[in-house]
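Asks: Provided below are the primary sequence and the corresponding predicted coordinates.
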Amino acid sequence: NEIPARHDSFLYRYNPVSGYTYRAYITPLTRHIISEMAGVIITTFLLITAFSLAFLYLFRTVSRLRTLEEMKDDFVSNMTHELKTPIAIAYSANDALLNYDTANDAEKKERYLHIANKQLKRLGELVENILAMSMERRKTLQLKPEPIQLRSFVEEIAALQRMRGDKKIKIDVRIDDNVNITADKAHFTNVLNNLIDNAIKYSCDASGKPMTGDSVAITIAGDDKAISVADRGIGIPARSIPYIFNKFYRVPHGNRQDVRGYGIGLYYVKSIIDKMGWAISVSSRDGEGSVFTIKFNNDER
């Protein structure tokens, strides 16, 4: 007789009376135990795997919640930064009205009042844009495109930015007079203000020293296909470029603690650019400045 494959032979005995040979087969103890407990072992393994995956998921969820909590705290503590620009410009205009002889210069008085009024309006728009960052509002956000004469539009924004007063700001506008585009004026204004504001904020080197004394040099160039905002600031590290348009993301700049923000400006810029059907890209070298380019035709990426 053949020995079964799953059994071992333990004993041979010969009976001289009957002439028979006896052979006993016994399953090995280890194999028998494993066979009998296979269901328990498999169930235990599956439970351990399930508990491990559940623990990993819980760990990742807690880590994500902790990160979101930190970003939320940073958002709450720094959200005033984006609102600072229109407040500073309106303050400068009102300061000029209070401290200079504008009573006898009706034209200058009216101009400063218009500036202050316009910045207060922009302040309201910025608050609205912050609220629009929620998913529900962003899905229903309706743009109002209208024809824009690009040079005069950009020159007006540049003039207001030069009035900020915290630094000497030089903005060189290189756009022909005959360039016209179609865009939502309010949101396109906020997009350009965000890009210019970033150029002003990061106009220092990694040690916190101004790169060009107390001045900032920005170049805005454009035509009917694209517009770019270039600065000579501290630049963006290559590893950070893929993430700069993410919500709440802030580029780490070593010991640069003087620049405050909450990582929503470029996220807003990208959201509006996408909504307009345009495209935005950035080229930058750490320590050499950055160039943000908006292409008005999304097919020309």
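Replies: Received it, and whenever you're ready, just let me know what you need.
Asks: After the top helix by length along the chain, heading C-terminal, what element do we hit next?
Replies: Using DSSP state H, we find that the single longest helix of the chain is helix 38-78. Going down the chain from helix 38-78, the next helix or strand is helix 80-99, by DSSP states H and E.
Asks: Show me what the helix or strand that that following helix is followed by is packed against.
Replies: Following helix 80-99 in sequence order, the next helix or strand is helix 106-131 (DSSP H and E). Judged by 3 or more C-beta pairs under 8 Å, 6 or more residues apart in numbering; DSSP states H and E, helix 106-131 is in contact with helix 80-99, helix 150-162, helix 185-201. C-beta coordinates here come from the backbone N, C-alpha and C atoms, glycine included.
Asks: Can you list the buried residues in the second one?
Replies: Spelled out, that is helix 150-162. Leu150, Arg151, Phe153, Val154, Ile157, Ala158, Leu160, Gln161, Arg162 (16 or more other C-beta atoms under 10 Å).
Asks: With the first one instead?
Replies: For helix 80-99, the neighbour count (16+ other C-beta under 10 Å) marks His81, Glu82, Thr85, Pro86, Ile89, Ala90, Tyr91, Ser92, Ala93, Ala96, Leu97 as buried.
Asks: Can you name the residues that contact the fifth one?
Replies: Looking back up the chat, that one is Ile89. Ile115, Ala116, Gln119, Leu160, Gln161, Met163, Arg164 (C-beta atoms under 8 Å, 6 or more residues apart in numbering).
Asks: My guess is Ser240 contacts Val251. True?
Replies: Yes - at 4.6 Å, Ser240 counts as touching Val251 under the criterion of C-beta atoms under 8 Å.
Asks: Out of those two, name the residue with the larger neighbour count.
Replies: Looking at Ser240 and Val251 with other C-beta atoms under 10 Å, you find the greater number of neighbours at Val251, namely 21 against 16.
Asks: about what we covered before: so which two of the contacts of Ile89 are the farthest from each other?
Replies: Taking C-beta to C-beta, the two most distant members of those are Ala116 and Gln161; they sit 15.3 Å apart.
Asks: quick one: average confidence on stretch 118-135?
Replies: The pLDDT scores in stretch 118-135 average 67.
Asks: Same check on stretch 267-279?
Replies: Stretch 267-279 comes out at a mean pLDDT of 89.
Asks: do stretch 105-114 as well
Replies: pLDDT averaged over stretch 105-114 gives 80.
Asks: Mind listing what's buried along that stretch?
Replies: Neighbour-count burial for stretch 105-114 [16+ other C-beta under 10 Å]: Lys109, Tyr112.
Asks: Lys144: neighbouring residues, count only.
Replies: Neighbours of Lys144 (other C-beta under 10 Å): 9.
Asks: Contact partners for Arg122?
Replies: Arg122 makes contact with Pro86, Thr189, Asn190, Asn193, according to C-beta under 8 Å, 6+ apart.
Asks: Can I get the buried part of these as one ChimeraX selection?
Replies: Those of the contacts of Arg122 that count as buried under 16+ other C-beta under 10 Å are selected in ChimeraX with:
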select :86,189,190,193
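Asks: re earlier: can you tell me which of the contacts of Ile89 lies nearest to Ala230?
Replies: Gln161 (14.6 Å).
Asks: any idea how far that closest one lies from Ile87?
Replies: 14 Å (C-beta to C-beta, to the nearest Å).
Asks: will you turn the helices and strands packed on helix 106-131 into CSV that also has mean pLDDT and distance to Ser281?
Replies: Converted to CSV, the helices and strands packed on helix 106-131 look like this (pLDDT from 0 to 100; distance: least, C-beta to C-beta, whole Å):
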stretch, mean pLDDT, distance to Ser281
helix 80-99, 76, 22
helix 150-162, 92, 19
helix 185-201, 88, 12
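Asks: Adding distance to Phe292, write these out as a markdown table.
Replies: What follows is the helices and strands packed on helix 106-131, written out as a markdown table (distance: least, C-beta to C-beta, whole Å):
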| stretch | distance to Phe292 |
| --- | --- |
| helix 80-99 | 17 |
| helix 150-162 | 14 |
| helix 185-201 | 5 |
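Asks: which one of the ones you listed lies closest to Asp224?
Replies: Closest to Asp224 of these, according to C-beta to C-beta: helix 150-162, at 7.8 Å.
Asks: Fine by me, we can end here.
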